[in-house]
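# Any chance you can model this:
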Amino acid sequence: MQRRSELWSGLLATVLGIVGLAYAVLGGTGSFQSDTSQVSTDGTVTRTTIAGTTSLAEHGVSPVTVLFVGIVLFCLAGTATGAYLHSRWEDRVGFVVLWICAALLVVGSLLSGFSIGLFLLPSALLALFAAMVGSRKHDTNDQGIRHDRSETDPPFHG
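Below you'll find the model as predicted:
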């Protein structure tokens, strides 16, 4: 059960992160308003107000933002990969990758605060949950005996 929780939490964290990042970059997260006034020759004043929303992509993306988005995407891919490797094959490297990516996602979402970080926070917390579940001891049966991996997992043919 813990292995499944780790795997699904890691995969769901990745999906939520990609959706949140896509909305933060492409969604209408910014707003604008423009007021113009014109005075005609007879002295009448015509006032026009235009308001709307704009996305980060329409507003312009700085190189630092591109770097941040790239690191977040890399960490999201690492979260899914680490959760899969550790939950399925008990791979130690997968466990380390999962923890590093989860920690980077949490730090990145906190550092980016109320901008992109707000959209990444659910994903970061779920990645942290997956890493914590992966840190727990393995499943045991009713008698407290640890399940042998060969009993629960099919053999790897690769």
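
# how about low-confidence regions in the chain?
Where the chain drops to pLDDT under 70, the residues are 137-158.

# redo that, cut-off 50
By pLDDT under 50, the weakly predicted segments of the chain are 140-148, 150-151, 158.

# mind listing the helices in it by residue range?
2-26, 56-59, 63-89, 92-111, 117-135, 149-152 (DSSP state H).

# S37 is nearest to which of those helices?
Proximity to S37, assessed across the helices of the chain by Cβ to Cβ, is greatest for helix 56-59 (25.1 Å). Just so you know, the C-beta spots here come from the backbone N, C-alpha and C atoms, and that holds for glycine as well.

# just to revisit the earlier point, from the helices of the chain, which stretch is densest packed?
helix 117-135 (a mean of 22; mean count of other Cβ atoms under 10 Å).

# Run through who's touching that helix.
2, 5-7, 9-10, 12-14, 16-17, 20-21, 23-24, 72, 75-76, 79, 83, 86-87, 95, 98-99, 101-103, 105-106, 108-112 (Cβ atoms under 8 Å, 6 or more residues apart in numbering).

# any idea how far H86 is from I71?
21 Å (Cβ to Cβ, to the nearest Å).

# Done for today, thanks.
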